[in-house]
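[1] predicted model, plus sequence, below.
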Amino acid sequence: MVANLIDEEPEKAYEYSRVALRLASRVAAVREAAGFAAYATQKYSEALAEFRAARRMTGTVELWPVMADCERGLGRPERALAMAGEPEVQKLDKAGQVEMRLVAAGARRDMDQLDAAIVTLQSPELASQSVQPWTARLRYAYADALLAAGREDEAREWFAKALEADKDGTTDASDRLAELDGVEFVDVMDALDGDAPHHEPEAGPRPETGSEDETGTENGTADAAGDREEPRPSSTDGADTGGADSEAGSSDRSVE
């Protein structure tokens with residue numbers, strides 16, 4: 001159950017692993033699974049304790065690289081580097097040795113030793129043209145270190161090589177390449193929403209003042225108004241129009 005959930009739902013896998021530990025803490029496979037569940041949820045102290053317990057039970061060195069990576073997670077890159085130089089590394093198979101090289105290079109980067117990280121990753125496995133399960137990750141790590149060191153052209157070349165070897169999509173090499181090439185991915189639905197024209201609501205006819213009876217006879221009123229012209233005040237009306245003239249003058253000045 002833990003193995004089935006660890007990639008998609010690591011927190012749930014961790015919860016199952018704690019239950020398994022309570023039931024079978026003396027089983028090496030249970031301790032190892034609990035270690036990987038804790039590792040996936042970045043509980044590095046717990047993970048390291050479980051990996052050490054599993055190693056004591058089995059006597060194998062398979063967990064050595066991930067134990068060293070837990071040291072990195074706990075902020076102890078120097079300890080991870082020390083583990084990379086231990087005799088246990090020579091007992092690892094090829095995949096384990098490549099994994100240990102990746103961890104050591106990561107520790108160098110944690111210590112801001114970019115050039116040393118690049119040199120650590122340079123190996124026969126990196127130069128090999130054959131594609132192995134570790135090839136994509138090794139090439140990706142090398143490309144990422146080159147980019148961090150400002151060697152963009154070389155980084156692009158190695159991201160492309162990583163993408164070529166990454167048949168299962170374990171890395172985001174394609175996204176990194178696109179980023180270097182200035183390609184921007186746009187969500188199709190967002191783009192469609194952004195292109196849709198925005199229509200303002202059309203203004204309807206302004207309501208007429210007055211009652212329905214008055215508006216109902218609009219045409220007749222308009223005709224009557226056309227026949228009858230309202231008298232306009234003359235400038236000689238004297239005192240009777242003085243106030244209106246004064247107000248109109250104020251209005252004209254305000255407009256100006």
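    It's in.

[2] ok, and the closest non-adjacent residue to L21?
    Leaving out its chain neighbours, the residue that sits closest to L21 by C-beta to C-beta, 6 or more residues apart in numbering is A34, at 5.2 Å. In this view, the C-beta of every residue, glycine as well, is placed from N, C-alpha and C.

[3] how about that neighbour, what does it touch?
    Residues near A34 by C-beta atoms under 8 Å, 6 or more residues apart in numbering: 2, 17-18, 20-21, 46, 50.

[4] average pLDDT across stretch 37-55?
    What stretch 37-55 shows for mean pLDDT is 97.

[5] in it, which residues are buried?
    37-41, 43-44, 46-51, 53-55 (16 or more other C-beta atoms under 10 Å).

[6] got a list of contacts for it?
    Identification of contacts with stretch 37-55 by C-beta under 8 Å, 6+ apart yields 2, 6-7, 10-11, 13-14, 16-17, 28-29, 31-32, 34-36, 61, 63-64, 66-67, 69-71, 73-74.

[7] got a ChimeraX select line for the buried ones in the residues you listed?
    Selection of buried members from these for ChimeraX, criterion 16+ other C-beta under 10 Å:
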select :2,6,10,13,14,16,17,28,31,32,34,35,36,61,63,64,66,67,69,70,71,73
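
[8] give me phi/psi at G59?
    phi 80, psi 10 (degrees, to the nearest 10).

[9] follow-up on the earlier one: looking at the contacts of stretch 37-55, which are in strands?
    Using DSSP state E, no member of the contacts of stretch 37-55 falls in strands.

[10] let me know the pLDDT of the residue nearest to L21.
    96.

[11] do the same with G182
    For G182, pLDDT reads 86.

[12] and the gap between it and R156?
    Distance of G182 to R156, computed by C-beta to C-beta, to the nearest Å: 12 Å.

[13] looking at the two, which one has more neighbours?
    R156 (17 against 6; other C-beta atoms under 10 Å).

[14] in contact with that one, which residues?
    Here R156 is in contact with 143, 177, 180-181 (criterion: C-beta under 8 Å, 6+ apart).

[15] repeat that for E184.
    Taking C-beta under 8 Å, 6+ apart, one finds A178 in contact with E184.

[16] D175 versus that one, what's the distance?
    11 Å.

[17] so where's the stretch 1-150 of the chain shaky on pLDDT?
    Scanning the stretch 1-150 of the chain for pLDDT under 70 picks out the ranges 1-5, 7.

[18] most surrounded residue in the contacts of R156?
    Neighbour-wise, those (other C-beta under 10 Å) top out at A143, 27 neighbours.

[19] pull the number of nearby residues for the residue lying closest to it once chain neighbours are set aside.
    The shortest distance from A143 to any non-neighbouring residue, by C-beta to C-beta, 6+ apart, is to W158 (3.5 Å). The tally of other residues near W158 (other C-beta under 10 Å) stands at 24.
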